[in-house]
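Peer 1: here is the input, now give the coordinates:
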Amino acid sequence: MARFDHGESILFIAFEDGMPVGFTQLYPGFSSISLARTFILNDLYVDEHARRKGVAAKLMSAAVDFARALGAVRVSLSTATTNETAQTLYQSAGWKRDEQFLVYHIKLST
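Peer 2: As a prediction, this is how the structure comes out:
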């Protein structure tokens with residue numbers, strides 16, 4: 001709730017027959033190089049019974065349209081290198097895999 005209360009994320013929910021069947025979440029960012037707003041698409045999920053019906057594509061499209069309406073220059077996402085199903089979906093929706101940059105993480109203990 002803290003993310004929503006502080007405007008730190010935007011949630012898109014897909015419904016089928018009045019029941020939620022999927023969601024995705026956008027997190028705002030800013031590119032100092034582009035001097036423009038960016039978003040990270042995170043947590044794309046569709047219930048198993050609603051998959052292969054275009055729900056994920058519609059959620060992604062709604063998120064991109066929202067970001068575009070706010071003047072964002074980019075929406076980014078990441079997925080596991082082994083998640084070929086998701087990669088196929090993203091590519092079919094016009095997303096391009098980054099061939100220029102590698103992503104690194106450092107795990108922090110809590």
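Peer 1: for the spatially most central residue of the chain, what are its contacts?
Peer 2: Nearest to the mean C-alpha position of the chain, by CA atoms, centre = their mean, lies Leu41 at 2.0 Å. Taking CB atoms under 8 Å, 6 or more residues apart in numbering, we find Leu41 in contact with 24-26, 60, 63, 75-77. All C-beta atoms are positioned from the backbone trio N, CA, C, and that covers glycine.
Peer 1: now distance to Ile13 too, for the residues you listed, in JSON lines please.
Peer 2: Formatted as JSON lines, the contacts of Leu41 follow (distance: CB to CB, whole Å):
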{"residue": "Thr24", "distance to Ile13": "9"}
{"residue": "Gln25", "distance to Ile13": "10"}
{"residue": "Leu26", "distance to Ile13": "12"}
{"residue": "Met60", "distance to Ile13": "13"}
{"residue": "Ala63", "distance to Ile13": "11"}
{"residue": "Val75", "distance to Ile13": "18"}
{"residue": "Ser76", "distance to Ile13": "21"}
{"residue": "Leu77", "distance to Ile13": "18"}
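Peer 1: quick check: ChimeraX command selecting the buried ones in those residues.
Peer 2: Per 16 or more other CB atoms under 10 Å, the buried members of those correspond to this ChimeraX selection:
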select :24,25,26,60,63,75,77
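Peer 1: which one among the contacts of Leu41 gets closest to Glu16?
Peer 2: Ranked by distance to Glu16 (CB to CB), the contacts of Leu41 are led by Thr24 at 15.4 Å.
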